[in-house]
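> Take a look and give me a structure for this.
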Amino acid sequence: MTIATRIRCVLRGCLIVTCLLVAIGCGRKEGYKVSGKVTFDGKQVPHGQVVFVPQFDQGINGPPSRWADIVDGAYAADALLGGSYTVTVTGHDGIPPADAPARGKELFLPYKQTIDFPHEDTTLDIEVPLTK
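Numbering: from 1, shown residues only. Just a heads-up that it's a prediction; the model follows:
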């Protein structure tokens, strides 16, 4: 076997492996979409954030966290893997007075809960409870 023949065989093998890897990767989805509404005291939260932190001790291997802005009571995040997450919600009135941050007055203390997400796109509506 000549050197040219060996090189052609190696290149063909590399091409086949590359095609297989591309075909496998093209069918795989990198996470799922989570969207929903956020309410507090029965009203939509005008402005805020929803932060998703995976519970790594539950076997989730992925990005360290994801977040989504709340705009007029709605949010949407993508690239979440299924499994257990700590979900933290912050909310503001969206009216920036001169002596407050641009996002406005805080409506409630950060609200946390643990959610087990399915391995598919899902809707999660969050009702932040009144604190006593």
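> Which stretches in this protein count as helices?
According to DSSP state H, the chain carries its helices in the segments 3-26.
> show me where pLDDT drops low in it?
Per-residue confidence for the chain (pLDDT under 70) gives these ranges: 1, 4-29, 58-62, 99-101, 132.
> could you pull out the strands for it?
Assigned by DSSP state E, the strands in the chain fall at 32-40, 43-44, 47-54, 66-71, 74-80, 83-92, 106-117, 122-123, 126-128.
> how does this structure divide into domains?
1-29, 32-128 (automatic domain parsing).
> can you pull the contacts of residue 77?
Residue 77 makes contact with 33-35, 50, 52, 66-68 under the criterion CB atoms under 8 Å, 6 or more residues apart in numbering. C-beta coordinates here come from the backbone N, C-alpha and C atoms, glycine included.
> Filter the residues you listed down to the buried ones and hand me the PyMOL line.
Selection command for PyMOL covering only the buried members of the contacts of residue 77, criterion 16 or more other CB atoms under 10 Å:
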select buried, resi 34+35+50+52+66+68
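> Closest to residue 93 out of the contacts of residue 77?
Lowest distance from residue 93 to these (CB to CB) belongs to residue 50, with 16.9 Å.
> For that closest one, give me its contacts.
Applying CB under 8 Å, 6+ apart, the residues near residue 50 are 38, 67-68, 70, 75, 77, 87-89, 126.
> Name the nearest of the contacts of residue 77 relative to residue 44.
residue 50 (13.3 Å).
> Can you tell me how far that closest one is from residue 98?
Counting by CB to CB, to the nearest Å, the gap from residue 50 to residue 98 is 28 Å.
> of all the strands of the chain, which lies closest to residue 2?
It's strand 74-80; of these, that one is closest to residue 2 (CB to CB) at 48.9 Å.
> May I see the buried residues of the closest one?
Here strand 74-80 shows 75, 77, 80 as buried, counting by 16+ other CB under 10 Å.
> circling back: quickly name whichever of the contacts of residue 50 is closest to residue 111.
For the contacts of residue 50, the nearest to residue 111 is residue 89 (4.6 Å; CB to CB).
> Now do the closest residue to residue 39 other than its chain neighbours against residue 38, distance only.
Distance criterion CB to CB, 6 or more residues apart in numbering; nearest residue to residue 39, sequence neighbours excluded, is residue 127 at 5.2 Å. Here the criterion is CB to CB. By it, residue 127 lies 8 Å from residue 38.
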